[in-house]
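A.B. asks: Sharing a sequence plus its predicted fold:
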Amino acid sequence: GSACEKCDFETDLCKALPELNLQPGWIRRNGRSGMGPPYSDHSGSDSAYFLSLSSEMQSSSATLRTNVFLPTDEKHICQITFHYWLSQTSGTLLVGLQKHSEDIITNIWQDSGELQNQWKANTITINSTENYEV
């Protein structure tokens, strides 16, 4: 069976994003929050929740860190699909990979928003011979 897990932020953070790993600056909100765009999630619902950077965070960065994932192999590949929104002020969205034997975080994907103010989807495939976090 597939180990895929959908994360929609409707009730809380997903299992992949522990509360402790939610750094200051991230808020869970929906399009009705009165905080400006986006006014709906990627499916067009104004009541569906998503994570958003608070406006005080414009000049710095904030991180979301997943739980530990197990190594990948031919049978167990890891694919993460996510929807994201970039506005003029949001700078760059980065996805990094941290293997447990390394202190460094390797940047594996980024978007600085040529197409702004619209929802986009992206899928990344991860290969790692050891435990890792994203």
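C.D. replies: Cool, got the structure.
A.B. asks: Could you report the neighbour count for the nearest residue to P24 once chain neighbours are set aside?
C.D. replies: Of all residues not flanking P24 in the chain, A62 sits nearest, at 7.0 Å (Cβ to Cβ, 6 or more residues apart in numbering). The C-beta positions use only the backbone N, C-alpha and C, and glycine is treated the same way. Residues lying near A62 (other Cβ atoms under 10 Å) number 13.
A.B. asks: And A62, how close does it get to D46?
C.D. replies: 24 Å (Cβ to Cβ, to the nearest Å).
A.B. asks: same thing with E10?
C.D. replies: Applying Cβ to Cβ to E10 and D46 gives a distance of 14 Å.
A.B. asks: what do the two both touch?
C.D. replies: Between them, E10 and D46 share no contacting residue under Cβ atoms under 8 Å, 6 or more residues apart in numbering.
A.B. asks: Quick check: chain neighbours aside, which residue is closest to S60?
C.D. replies: G25 (7.4 Å).
A.B. asks: Does the residue nearest to P24 touch L51 like I think?
C.D. replies: No: assessed by Cβ atoms under 8 Å, A62 is found out of contact with L51, at 9.8 Å.
A.B. asks: which neighbours do those two share?
C.D. replies: Common neighbours of A62 and L51 (Cβ under 8 Å, 6+ apart) are W26.
A.B. asks: which residues does H42 contact?
C.D. replies: So H42 contacts F50, H83, W85, W119, A121 (Cβ under 8 Å, 6+ apart).
A.B. asks: do that again at 7 Å, thanks
C.D. replies: Residues near H42 by Cβ atoms under 7 Å, 6 or more residues apart in numbering: H83, W119.
A.B. asks: Same question for the one 5 residues further on.
C.D. replies: By Cβ under 7 Å, 6+ apart, the contact set of S47 is N30, R32.
A.B. asks: Show the pLDDT at it.
C.D. replies: pLDDT, S47: 95.
A.B. asks: mind checking how far V134 is from L64?
C.D. replies: 9 Å.
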